[in-house]
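Undergrad: For reference, the sequence and a predicted model appear below.
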Amino acid sequence: MKAITVEPHRPGTARLEDIPEPDVRDGSVLVEAIAVGVCGTDVEIVEGKYGWAPEGRQRLVLGHESLGRVIDPGPSSGLRKGDLVAGIVRRPDAVPCPSCAVGEWDMCRNGQYTERGIKQIDGFMSERWRIEPEYAVKIDGSLGLVGVLLEPTTVVTKAWEQVSAVGHRAFWEPRTVLVTGAGPIGLLAALIGKQHGLDIHVLDRLESGPKPELVRALGAIYHAGTVSGVGLQPDVIVECTGVGQVIADSIQAVAPGGVVCLTGVGTGGRTVGLTTADVASSVVLRNNVVVGSVNANKRHWYKAGQVLAQADRAWLARLVTRREPPEHFTRALQRQPDDIKVVIQFAQA
Ligand SMILES: [Zn+2]
C-alpha cells in the first residue's frame, strides 16, 4: 500500500512509497484512510527538526490528524464496518508515570510517551492503518470529511478544560474571551467559546479573506492588529500564535483574575520589553494564571466529538481550505496565505 514516510532528523527524505500492509500487532481494528490533516508539526518533521522513527527502523509513516472508515472492526471494538473513526495520537509511557497510569497521557511527567506519526509509532498517512480498539474514536457519520478536524479539536477541548479548571479556583463568571490567531486551533477555540455562550473576539493579522469571514459567521468579532489595539480586558485569552510579542501583550491585557492559556509553540523571536519580574508582578498583583496546554487524553477526544457533532457542518467545511492527493503531499506541506486546514485525501468520505 501507498504511504507517506520520512526519515526523521534528515531533511528532504519524505516520499510516497509502497510499504507492507499494516501489521495485525498494531491493533485489531483495520481502517481505510479517508484523509489526514497537515499541521506545523508535520512540516517540522519533514524539515528534519522533529520526529522519531519506530525502534529499529529508519523511517516513520507521517500523519497524526486522522480520519478513516472501518474495514474490519475486529472482535472487541464495538465498531461496525463503515463507521468513521479517528485514531488517538499519544500512548502512555511504559513506566508508567502517575499521569499516564491514570490515563492522562497528555499530562505525562517523564516525556517517555509515544505518538503516532511523530514519536516512535507510525502515523496515519497510509492507505490503510490498524489501531487498538481503545484508541479508536468513533465519529458522527454525518460529519463526513470534516471529521478530520477531530484531532485539532481535542487540543482546544483540553485547553478549554484547563481554563475552566483554573478559573474556578475562585468565584468566576467569565464573559469576554480573546483568541489570538485565527488558524484551525484559534477558530476551533472560538467555536467552543461560542458553544459555551461567551463573547468571543478573535485577533489575527489579515484584514480580509476566509479568516475574518469565518469568525463573523460564528457570531464572533474579528480584529486585525495587536492585542493592545483590541482595547479589551478579556477574562480569558486563548493564545494560539506562539509569538513572543502576542504572549507578552496577552499577559498584560488579561483582566484581573483572568486566565491566559498558551497553546502555541514558538521559538526565538526578539526579546520583548517585559522582564520576568515584570511578568511576575503583573500576574501576582492581578491574580492571573498563565497556563500551558498540550495534547489531549481520551476524555477530550470524546468531548471534542460532541463539539464537532453540535457545530454547523457548512462552517466546519469552510475550515478545510485545500485537499491534496497523496502524490502531491509536498504541495500540502507548503503553506499558502489563505490556508486554514489542508488535508491529504486518500479516499472519498
Ligand atoms: Zn507518562
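TA: Yep, that arrived. Numbers count the residues shown, from 1 in each chain.

Undergrad: From here on, just use CA atoms for contacts and neighbour counts.
TA: Fine.

Undergrad: Check which residues of the longest strand seen in the chain are buried.
TA: The residue-count maximum for a strand in the chain (DSSP state E) belongs to strand 29-38. Neighbour counts over strand 29-38 (16 or more other Cα atoms under 10 Å) mark 29-38 as buried.

Undergrad: next helix or strand past the lengthiest helix in the chain?
TA: Looking across the chain with DSSP state H, the single longest helix is helix 150-167. As assigned by DSSP states H and E, the chain's next helix or strand after helix 150-167 is strand 176-180.

Undergrad: Run me through the strand neighbours of that next one, direction for each.
TA: strand 199-204 (parallel), strand 236-239 (parallel) (DSSP bridges).

Undergrad: so what's the closest residue to the ion within the chain up against?
TA: Closest residue of the chain to the ion, Cα to the ion: Cys108 (3.5 Å). By Cα atoms under 8 Å, 6 or more residues apart in numbering, the contact set of Cys108 is 92-93, 97-100.

Undergrad: next structured bit after the helix or strand of the chain with the lowest mean pLDDT?
TA: Every helix and strand of the chain was ranked by mean pLDDT, DSSP states H and E. The lowest is helix 276-285, at a mean of 90. Downstream of helix 276-285, the next assigned helix or strand under DSSP H and E is strand 289-292.

Undergrad: Enumerate the residues of the protein near the ion.
TA: 93, 97, 100, 108 (Cα under 5 Å from the ion).

Undergrad: run the last query once more with 6 Å
TA: Contact residues, the chain versus the ion (Cα under 6 Å from the ion): 92-93, 96-97, 99-100, 105, 108-110, 113.

Undergrad: Buried ones from the residues you listed, can you make that a ChimeraX selection?
TA: Remark: buried members of those, expressed as a ChimeraX selection using 16+ other Cα under 10 Å:
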select :92,93,96,97,99,100,105,108,113
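
Undergrad: Adding secondary structure and pLDDT as columns, could you present the residues of the chain next to the ion in a markdown table?
TA: Shown next, in a markdown table, are the residues of the chain next to the ion (DSSP: H, G, I helix; E, B strand; the rest coil; pLDDT from 0 to 100):
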| residue | secondary structure | pLDDT |
| --- | --- | --- |
| Pro92 | coil | 98 |
| Asp93 | coil | 98 |
| Pro96 | coil | 97 |
| Cys97 | coil | 98 |
| Ser99 | helix | 98 |
| Cys100 | helix | 98 |
| Trp105 | helix | 98 |
| Cys108 | coil | 98 |
| Arg109 | coil | 98 |
| Asn110 | coil | 98 |
| Tyr113 | coil | 98 |
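
Undergrad: returning to that earlier point: highest mean neighbour count out of the strands paired with strand 176-180?
TA: strand 236-239 (a mean of 28; mean count of other Cα atoms under 10 Å).

Undergrad: Run the chain-centre distance for that one.
TA: Here strand 236-239 is found 16 Å from its chain centre; the criterion is Cα atoms, centre = their mean, to the nearest Å.

Undergrad: what does the following helix or strand past it rub up against?
TA: Toward the C-terminal end, the helix or strand that comes next after strand 236-239 (DSSP H and E) is helix 244-253. Here helix 244-253 makes contact (Cα under 8 Å, 6+ apart) with 180, 226-228, 232-234, 237, 239, 260, 262, 266, 269-272, 274, 279, 282-283, 290.

Undergrad: Can you flag the buried ones in these?
TA: Counted by 16+ other Cα under 10 Å, the contacts of helix 244-253 give 180, 226-227, 233-234, 237, 239, 260, 262, 282-283, 290 as buried.

Undergrad: In TSV: those residues, plus distance to Thr157.
TA: As requested, the buried ones among the contacts of helix 244-253 are exported to TSV (distance: Cα to Cα, whole Å):
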residue	distance to Thr157
Thr180	16
Thr226	25
Val227	23
Gln233	23
Pro234	19
Ile237	14
Glu239	14
Val260	15
Leu262	13
Ser282	27
Val283	25
Val290	17
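
Undergrad: Pick the one among the residues you listed closest to Arg318.
TA: Among the buried ones among the contacts of helix 244-253, Thr180 lies closest to Arg318 (Cα to Cα), at 19.5 Å.

Undergrad: Am I right that that closest one is in contact with Cys240?
TA: Yes - contact criterion Cα atoms under 8 Å: Thr180 and Cys240 qualify, at 5.5 Å.

Undergrad: Apart from its chain neighbours, what residue comes closest to the one residue sitting closest to the centre of the chain?
TA: Centroid-nearest residue in the chain: Pro152, 2.8 Å away (criterion: Cα atoms, centre = their mean). Nearest residue to Pro152, sequence neighbours excluded (Cα to Cα, 6 or more residues apart in numbering): Ile185, at 6.3 Å.

Undergrad: mind checking pLDDT for Thr330?
TA: pLDDT for Thr330: 97.

Undergrad: Three-state assignment for it, please.
TA: helix (DSSP: H, G, I helix; E, B strand; the rest coil).

Undergrad: so who does it touch?
TA: Contacts of Thr330 (Cα under 8 Å, 6+ apart): none.

Undergrad: Name the residues contacting each of Thr180 and Cys240.
TA: Gly186.

Undergrad: Secondary structure of the residue nearest to Pro152: a helix, I assume?
TA: Yes - per three-state DSSP, Ile185 lies within a helix segment.

Undergrad: Noted, bye for now.
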